[in-house]
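Peer 1: Okay, predicted coordinates and the sequence, questions at the end:
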Amino acid sequence: MSLFLGKIHYLLYNKIQANEDLLEEILDYAETKNLPTQDIKKKLYESYGYPERSALETVIDEGNIHGWLQNKIESVEDRTASLITSLINDYGIELSEIENIYFENGKNTMKNIEKVDFAPSDLFGLIFSYLLEGMPCDRINRLVSNSETEIVWETTECIHRKHWDKVSGDVENFYVLREEWIKGFINEAGNRYTYDKTEDGYNRIRKEE
């Protein structure tokens, strides 16, 4: 390990990789619909950069660790927003079709985690070890309440809109898809757990006693 890299950098890079994996699943689905995926990829990569899949310590700019990681986040988020917007607007793919990809990805992610008697806060921590929410210093998610049976949090700022605005997309699609991923993840954790949105828009994970 590089002397300049710490655990937090690897955790963030792993989150970027998880989102790259999800993007590849969407592209794979587009291919099953006989869409011109190679042309779509070419446009994405030329416009927003290529995915970086090598080991972090072999590729990162150690003189600009924060900036390098931020650039990779920007790239994968731009490509995701552009791809989803294009599939819906240009190729007639329904949002519900992409929702299913996110739901199944969330389920499959949980399948690879050892099942234990999770506290709701454990699941919250796991969720955001996969989902990108900016840099760690951004602190976008604020806890509203936390107990042995329930955790509630709010998103204090939308840091994703700029990616969707850039491609004339609808950022609400991002949040619909994110919720589907969380639902799939929680669904696979076991029937003791539920995820929903409260009436005031807070996110909530509950555990049956």
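Peer 2: Everything's here; your move. The structure displayed is predicted, hence computed values, not measured ones.

Peer 1: which residues touch the most centrally placed residue in the chain?
Peer 2: For the chain, the residue sitting closest to the mean C-alpha position, by CA atoms, centre = their mean, is Leu131 at 3.5 Å. Contacts for Leu131 (CB atoms under 8 Å, 6 or more residues apart in numbering) come out as 15, 18-19, 178, 181-182. In this view, the C-beta of every residue, glycine as well, is placed from N, C-alpha and C.

Peer 1: How about Ala30?
Peer 2: Contacts of Ala30 by CB under 8 Å, 6+ apart are 37, 40, 83, 87, 91, 93.

Peer 1: What strand or helix carries the residue nearest to the first one when sequence neighbours are not counted?
Peer 2: Taking CB to CB, 6 or more residues apart in numbering, and ignoring the residues beside it in sequence, Thr37 has Glu31 as its nearest neighbour in space, at 4.6 Å. Counting by DSSP states H and E, the element that carries Glu31 is helix 7-32.

Peer 1: quick one on the thing from earlier: tell me the buried residues within the contacts of Ala30.
Peer 2: By the neighbour-count criterion of 16 or more other CB atoms under 10 Å, these include these buried positions: 37, 40, 83, 87, 93.

Peer 1: could the residues you listed be laid out in TSV, adding secondary structure and pLDDT?
Peer 2: Listed next are these as TSV, based on DSSP: H, G, I helix; E, B strand; the rest coil; pLDDT from 0 to 100:
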residue	secondary structure	pLDDT
Thr37	helix	97
Ile40	helix	97
Leu83	helix	98
Leu87	helix	98
Ile93	coil	98
